[in-house]
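Asks: Let's see this in three dimensions:
(2 chains)
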Amino acid sequence: MGGELMAYGERAWLLRGVEDADRFSIGAALAKEPPLHFEEYVLGHSSILLIFAQPVAKTILEGWLSKADFGKRGKAKNSKLHKVPVIYDGPDLAFVAEATGRSVEEVIKIHSEGKYSVRMIGFTPGFPYLEGLDPRLQIDRRNTPRNRIEPGTVAIGGPHAGIYTVASPGGWNLLGRTNLNFFQADQCKGAKIDTGKIFRLKPGDQVQFVPQK
Amino acid sequence: MPTCLEILSTGVGCSIQDSGRPGWRRFGVPPGGALDQYSMRVANALLGNRPDAPVMELLMQGQKLRVLEDTWIAVAGADLGGRIAPWSAECVPVGSVLTFPSRRSGLWAYLAVPGGFQVDQWFGSASTDLRNGLGVPLKKGSLLESGKRLHPDAFERIGRREYVFAEQRAFEMERSFKILPGPQFEAFDPATRAQLVGAKWTVSSQSDRTGFRLKGPLLKIPPSIPSEPVLPGSFQITGSGQPIVTMADGPTVGGYAKLAVLPERDLDWLAQCPPGAQLSFQWVA
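Replies: This next block holds a predicted model:
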C-alpha cells in the first residue's frame, strides 16, 4: 500500500497519495484485520484518515500497511447504479452558464449526460462527492457560502458534483433539486442500524441525473 | 422512569449531549457530543452517574426549567448565574423553577440528573445534532426523564455536594493554547504560520457547535486542496483568510487547508471561550 503517512492531531494518521486502486481495499482490510487500537477511518479524495483510540506510533502503522491483506485492488464491490431525477431550476444555473460561456440548456445537458461515481461520503451524513463532472463545468465554489441549502439540492463545486442531504450551509453552485432522500435520519434510532436503509449511496456507486419537467 | 424536569424556556439554546457517536464519520456523520466533555463528566460524577450519561448542555443564558419531583441536580462548566453553582449538586424540591439568567463565565453549562437523561439514541448516542436531524430537539414544554431516583438523603444526609476544588475550572476571557501543525502546515508560507502564533484572535459571535470562527489578521491562503477528512480542533483557513476551528458537529470532510490542530483535551477549554474572548496560540515545541 503506497502513500505518505502524516500525523494529524494526537491519535490519527492521514495516509496521503493513496492510489485509486487501493481506496476500497484498505477499508476492507481495516474491517477484517484492524491494527491495534484502531477506531475508525474516513475516506478523502486521495487520502484516508485512520483514527485510533489512543496515540499509535508511525512504525506500528507502517508495519500494518506492509503486512495487511488488501485482497484484490480495484473497484468497489457491490456498487450500484442510481438514476436520480432532477428538476433543473437552481438559482445558480444562469451564473454557471455565464461563467462557463454556455447557455443554460447546454449546462443542463452537460451535467445530466455525465456518468458519475461516488468518490467518498462526507461533509454531512450521506453527502456524495461525485467524480465525473465534465471539465467544462468545473468552476470555483462561491466566494460567500449560502447559510441554508435545502436537502435534495443538486450542485457542483470545483471538480465535484454533489447532492445536499440535509439542510446545511454550503458554497457550491446550485443547479437543481431531486425528490429522492439521501439520508434517513429516522432510521438511525435504536440499537439495530442498517446503513443500507439510512444512506442511499456508498463510495463506488454510480449516479446518473435524469432531467424532469 | 421518573419525569423530573419540564422545559419552560430553552433560552439561547439547550440540548441533550453525551460523549457523542464516533464510528460513523465515514458516512459523513460527525462525532458530536458535549463540546466540553470534561464538564459533562464532572456533572455526572457529582451524582455518581457513569461519565458519559446524557446531560443537558445550556448555552449562554435564558433557560428556565421546572422541577417536577424532588430530585438531585448537578451543574458544571459555565456559570450562568443559576441557583446551583457550577461544580456542585443539590437536592431540589418539587415545584422549584431553575433559571439561568446571565452568563458570568464560560459558555456552556452542563446539567445532570440521577442516572442521566433517558432519551432515544441515534447511532448509539443521545447527543442532539439539530442540523443532521439526530437526537431529540428540546422545546418549551418538553418533559425529561431521569434514569433513576436518588433519595434526598442519598449522600449520607449531605444536602449539597461540591466537586473537589482543585479540579474545578475557571474560564477567563483571555487564554493561550498550544497547537500542533495541521496537515497543510507546509503549504502555508512561514510568514503566515508566524502570524497565527504572533497575533491575538477574537472568538466571533458566528460560532456554534459546528465551528468557532476566529477574527484577526488576514492570513494568506494556499491553493485549494482535494477534499480531505477533517478532525475536530482543526484550524481551517477559509477563503476569507480567517480560521474556523472545527467543533464536534462540524463536517467530516472539507476542502479548506488546515494550518493547525488543537490537542484534543484543550478543545474543552476552547469551547468555553465565549464570543469576544481573546485567544493566542503557540506551536508545541
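Asks: Run a quick neighbour tally on residue A:198.
Replies: 21 (other C-beta atoms under 10 Å in any protein chain shown). C-beta coordinates here come from the backbone N, C-alpha and C atoms, glycine included.
Asks: ugh, wrong one, residue B:220
Replies: Number of residues near residue B:220 (other C-beta under 10 Å) recorded here: 12.
Asks: Contact partners for it?
Replies: By C-beta atoms under 8 Å, 6 or more residues apart in numbering or on different chains, the contact list for residue B:220 reads B:188-189, B:191-192, B:241.
Asks: let's see it at 6 Å
Replies: residue B:192 (C-beta atoms under 6 Å, 6 or more residues apart in numbering or on different chains).
Asks: In PDB, list the C-alpha atoms belonging to stretch B:82-99.
Replies: Output of stretch B:82-99 as PDB, limited to C-alpha atoms (Å, rounded to 0.1, in the frame of the first residue of the first chain):
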ATOM      1  CA  GLY B  82     -28.300  29.800  38.400                       C
ATOM      2  CA  ARG B  83     -29.200  28.800  41.900                       C
ATOM      3  CA  ILE B  84     -27.000  25.700  41.700                       C
ATOM      4  CA  ALA B  85     -23.400  27.000  41.500                       C
ATOM      5  CA  PRO B  86     -21.300  25.200  38.900                       C
ATOM      6  CA  TRP B  87     -19.200  22.200  40.100                       C
ATOM      7  CA  SER B  88     -21.900  21.300  42.700                       C
ATOM      8  CA  ALA B  89     -25.100  19.300  43.100                       C
ATOM      9  CA  GLU B  90     -28.100  19.800  45.300                       C
ATOM     10  CA  CYS B  91     -31.400  18.100  46.000                       C
ATOM     11  CA  VAL B  92     -34.000  20.500  44.500                       C
ATOM     12  CA  PRO B  93     -37.600  20.300  45.800                       C
ATOM     13  CA  VAL B  94     -40.600  19.700  43.500                       C
ATOM     14  CA  GLY B  95     -42.100  23.000  42.100                       C
ATOM     15  CA  SER B  96     -38.800  24.800  42.000                       C
ATOM     16  CA  VAL B  97     -38.000  26.700  38.800                       C
ATOM     17  CA  LEU B  98     -34.300  26.700  37.900                       C
ATOM     18  CA  THR B  99     -33.300  29.800  35.900                       C
END
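Asks: Sort out which residues of it are buried, please.
Replies: Using 16 or more other C-beta atoms under 10 Å in any protein chain shown as the burial criterion, the residues of stretch B:82-99 that qualify are B:82, B:84, B:86-92, B:96, B:98-99.
Asks: Do you have the helices of chain B handy? List them.
Replies: Secondary structure of chain B by DSSP state H: the helices cover B:37-45, B:190-198, B:264-271.
Asks: would CSV of those with mean neighbour count, distance to chain A and mean pLDDT be doable?
Replies: Below are those laid out as CSV (neighbours: other C-beta atoms under 10 Å in any protein chain shown; distance: least, C-beta to the nearest C-beta, whole Å; pLDDT from 0 to 100):
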stretch, mean neighbour count, distance to chain A, mean pLDDT
helix B:37-45, 25, 15, 98
helix B:190-198, 15, 16, 97
helix B:264-271, 19, 6, 97
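Asks: Can you tell me which of these is nearest to residue A:115?
Replies: helix B:190-198 (40.0 Å; C-beta to C-beta).
Asks: Contacts for that closest one next, please.
Replies: Under the criterion C-beta under 6 Å, 6+ apart, residues B:217, B:219-220, B:281-282 lie in contact with helix B:190-198.
Asks: Helix B:264-271 and the helix or strand residue A:15 falls within, what's the angle between them?
Replies: If you go by DSSP states H and E, residue A:15 is part of strand A:12-16. In terms of direction (axes from the mean of the first three to the mean of the last three C-alpha atoms, to 10 degrees), strand A:12-16 departs from helix B:264-271 by 100 degrees.
Asks: Parallel or antiparallel, which strands does strand A:12-16 pair with?
Replies: Partners of strand A:12-16 in the sheet, by DSSP bridges, are strand A:4-7 (antiparallel), strand A:47-52 (antiparallel).
Asks: Now find how far off-centre that strand is within its chain.
Replies: Remark: strand A:12-16 is offset 18 Å from the chain centroid, using C-alpha atoms, centre = their mean, to the nearest Å.
Asks: C-terminal to it, what's the next element?
Replies: Downstream of strand A:12-16, the next assigned helix or strand under DSSP H and E is helix A:23-32.
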